[in-house]
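Engineer: I would like the atomic coordinates for the input below:
(one chain, ligands or ions: 2)
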Amino acid sequence: MTIKDVIVSTPGGQYPIHIGPGHLEKLAQSVPADASALVVITNPTVDHLYGQRVRQSLAQTGKPISTLQLPDGELYKDWKTLNLIFDHLLGLRLDRRTVIVALGGGVIGDMAGFAAAVYMRGIRFIQVPTTLLAQVDSSVGGKTAVNHPLGKNMIGAFYQPIAVVIDTTVLESLPAREISAGLAEVVKYGLIMDETFFDWCCEHAQQLRAGDPALLGQAISRSCEFKAKVVSLDERETGLRATLNLGHTFAHAIEAGLGYGQWLHGEAVGCGLVLAAALSQRTLGMPLAQVQRVRSVVQDIGCPIHAPRLLGMDQWLSLMRSDKKAQAGEIKFVLMPTIGQAVICSADQADVQAVLSEHAAP
Ligand code: NAD
Ligand code: GLY
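Structural biologist: Residues are numbered from 1 along each chain as shown. Ligands and ions are numbered 1, 2, ... in the order given. Have a look, this model is predicted:
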């Protein structure tokens, strides 16, 4: 597999995803000539690591640059923190030609993107994802949001960036747990769309988990291709795009039920893939050997394979009913008849219950 740039096409226009080492230094090339000001939105952790390099790179544009640090963590992905962005933009009297540069993981990208979508009814923004999860998934496709105590990502908008700039070297500073979490979303693409890619993930799981830069670069490039293809066909999630939520009905329930930030989003997705495979076996007859392969690869990339015990069945069901895919209170799952294919469907409550109790943490 080779590492190459990817184009995302949506009804509103096209944008590039630049992928490779050293792209932070080329960031100025993605800034439109008519930008009036640049606002780097980040958090203290990422600012400390990469803020200076990003500001130096952006300085080549000659535009005024300001930086806003938001508190770090999923716990702060909320309305109150979002408002800090508007305070900053309005405080500096920044106009509609301001360009936001979202420098960080999925939390920063989702919040900065949502702020860009609604500030003065929409300003341009560039995604500069710095976690593996953000590089393979959240920075691409224009889903922006904040959490609400009653549900994850419930308040948001579809709003595309003008460019995604992925510098693969920033993964060198990423904690191992975050690499594992990002790999869950990588494996997800293979399960949904491409058995050969799933096989590749299984074969290289240990090296990917260890942070092998060449393999991670290939995983990022291929993942962005998958995501761009889906988003190009179904930007607003009228059908196909919902399959990208494989494992997420369970994952969102885990995150909301345990309290945001207890499990990383990607860890919850990894566990969700295992649960979705088991439910696929019961509901659609997915071969048992394939279910076992899903469990093994999730374990090999370092994500949990057991569902947290502290959620009771009523709580699981109630949390899953608030999933955005639910229709008239009926829970919908993304399930696999076989590896490489995904469908949206309902499942028997008894099967869901059995899967959860079979996979409860010891
Ligand atoms: P995150 O943004 O919280 O980042 C994880 C941690 O890594 C943070 O502490 C961050 O400061 C730190 N960090 C970031 N880059 C680093 C680096 N290079 N080196 C060292 N530390 C670094 O978490 P995440 O996993 O990136 O994103 C999860 C969020 O993404 C969730 O809120 C989820 O809902 C969202 N998401 C959105 C989409 C979408 O399509 N918009 C898709 C998937 C997930
Ligand atoms: N992460 C799922 C999506 O972007 O649709």
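Engineer: Contacts only, for the nearest residue in space to A176 that is not next to it in sequence.
Structural biologist: Take A176 and drop its neighbours on the chain: the residue closest to it by CB to CB, 6 or more residues apart in numbering is G302, 7.1 Å away. Just so you know, the C-beta spots here come from the backbone N, C-alpha and C atoms, and that holds for glycine as well. G302 is in contact with A176, R177, I179, S180, L183, R209, counting by CB atoms under 8 Å, 6 or more residues apart in numbering.
Engineer: Next up, phi/psi of G302, please.
Structural biologist: phi 100, psi 20 (degrees, to the nearest 10).
Engineer: which strands and helices sit next to the strand or helix carrying A253?
Structural biologist: Per DSSP states H and E, A253 falls inside helix 248-258. Counting contacts by 3 or more CB pairs under 8 Å, 6 or more residues apart in numbering; DSSP states H and E, helix 248-258 packs against strand 151-158, helix 265-284, helix 313-321, strand 333-335.
Engineer: hmm, 10 Å instead?
Structural biologist: strand 143-148, strand 151-158, helix 176-193, helix 265-284, helix 313-321, strand 333-335, helix 349-358 (3 or more CB pairs under 10 Å, 6 or more residues apart in numbering; DSSP states H and E).
Engineer: Quick check: which ranges of this protein have low pLDDT?
Structural biologist: By pLDDT under 70, the low-scoring segments of the chain are 310.
Engineer: Test my guess that M286 contacts A278.
Structural biologist: Yes - look at M286 against A278 with CB atoms under 10 Å: they come within range, at 8.7 Å.
Engineer: what residues are shared contacts of those two?
Structural biologist: V294 (CB atoms under 10 Å, 6 or more residues apart in numbering).
Engineer: ok, the residue in the chain that ligand 2 sits nearest to - contacts?
Structural biologist: Nearest to ligand 2, among the residues of the chain, is L244, at 3.9 Å (CB to the nearest ligand atom). Contacts for L244 (CB under 10 Å, 6+ apart) come out as 137, 141, 143, 185, 188-189, 192-193, 226-227, 230-231, 234, 237, 334, 342.
Engineer: ok so, going back, and the residue nearest to A176, how far from ligand 1?
Structural biologist: 14 Å (CB to the nearest ligand atom, to the nearest Å).
Engineer: Then S357?
Structural biologist: 27 Å.
Engineer: returning to what we had before: reformat the helices and strands packed on helix 248-258 as a markdown table; add distance to H88.
Structural biologist: Putting those into a markdown table (distance: least, CB to CB, whole Å) gives the following:
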| stretch | distance to H88 |
| --- | --- |
| strand 143-148 | 16 |
| strand 151-158 | 19 |
| helix 176-193 | 26 |
| helix 265-284 | 25 |
| helix 313-321 | 33 |
| strand 333-335 | 37 |
| helix 349-358 | 43 |
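Engineer: Turn the ones you listed into JSON lines, columns for distance to G73 and mean neighbour count.
Structural biologist: Formatted as JSON lines, the helices and strands packed on helix 248-258 follow (distance: least, CB to CB, whole Å; neighbours: other CB atoms under 10 Å):
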{"stretch": "strand 143-148", "distance to G73": "11", "mean neighbour count": "22"}
{"stretch": "strand 151-158", "distance to G73": "14", "mean neighbour count": "17"}
{"stretch": "helix 176-193", "distance to G73": "12", "mean neighbour count": "25"}
{"stretch": "helix 265-284", "distance to G73": "11", "mean neighbour count": "26"}
{"stretch": "helix 313-321", "distance to G73": "21", "mean neighbour count": "15"}
{"stretch": "strand 333-335", "distance to G73": "27", "mean neighbour count": "25"}
{"stretch": "helix 349-358", "distance to G73": "27", "mean neighbour count": "15"}
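Engineer: L82 is nearest to which of these?
Structural biologist: strand 143-148 (5.2 Å; CB to CB).
Engineer: Measure how that closest one sits relative to strand 151-158, angle-wise.
Structural biologist: 150 degrees (axes from the mean of the first three to the mean of the last three CA atoms, to 10 degrees).
Engineer: got the end-to-end distance for stretch 297-313?
Structural biologist: 27 Å (CA to CA, to the nearest Å).
Engineer: And stretch 20-39, by the same measure?
Structural biologist: 23 Å.
Engineer: ok so, going back, out of the helices and strands packed on helix 248-258, the one nearest F250 is which?
Structural biologist: Using CB to CB, the nearest of the helices and strands packed on helix 248-258 to F250 is helix 265-284, at 3.8 Å.
Engineer: do the closest one and ligand 1 meet?
Structural biologist: Yes - using CB under 6 Å from any ligand atom, helix 265-284 comes into contact with ligand 1 via H265, G266.
Engineer: and that helix, anywhere near ligand 2?
Structural biologist: No - on the criterion CB under 6 Å from any ligand atom, helix 265-284 is out of touch with ligand 2, staying 9.1 Å away.
Engineer: next structured bit after that helix?
Structural biologist: Helix 265-284 is succeeded, C-terminally, by helix 288-301 (DSSP H and E).
Engineer: Tell me the secondary structure of the residue of the chain most remote from its centre, please.
Structural biologist: The outermost residue of the chain relative to its centre, with distances by CA atoms, centre = their mean, is G62 at 32.0 Å. Secondary structure state of G62, per DSSP: H, G, I helix; E, B strand; the rest coil, is coil.
Engineer: Next, count neighbours for the residue nearest to D167 when sequence neighbours are not counted.
Structural biologist: Excluding the flanking residues, the one nearest D167 by CB to CB, 6+ apart is H23, at 4.0 Å. Using other CB atoms under 10 Å, H23 has 21 neighbouring residues.
Engineer: that's a strand at V40, yeah?
Structural biologist: Yes - per three-state DSSP, V40 lies within a strand segment.
Engineer: what sits against it?
Structural biologist: Applying CB under 10 Å, 6+ apart, the residues contacting V40 are 27, 46-47, 50-51, 54-55, 58, 65-69, 100-104, 112, 126, 128.
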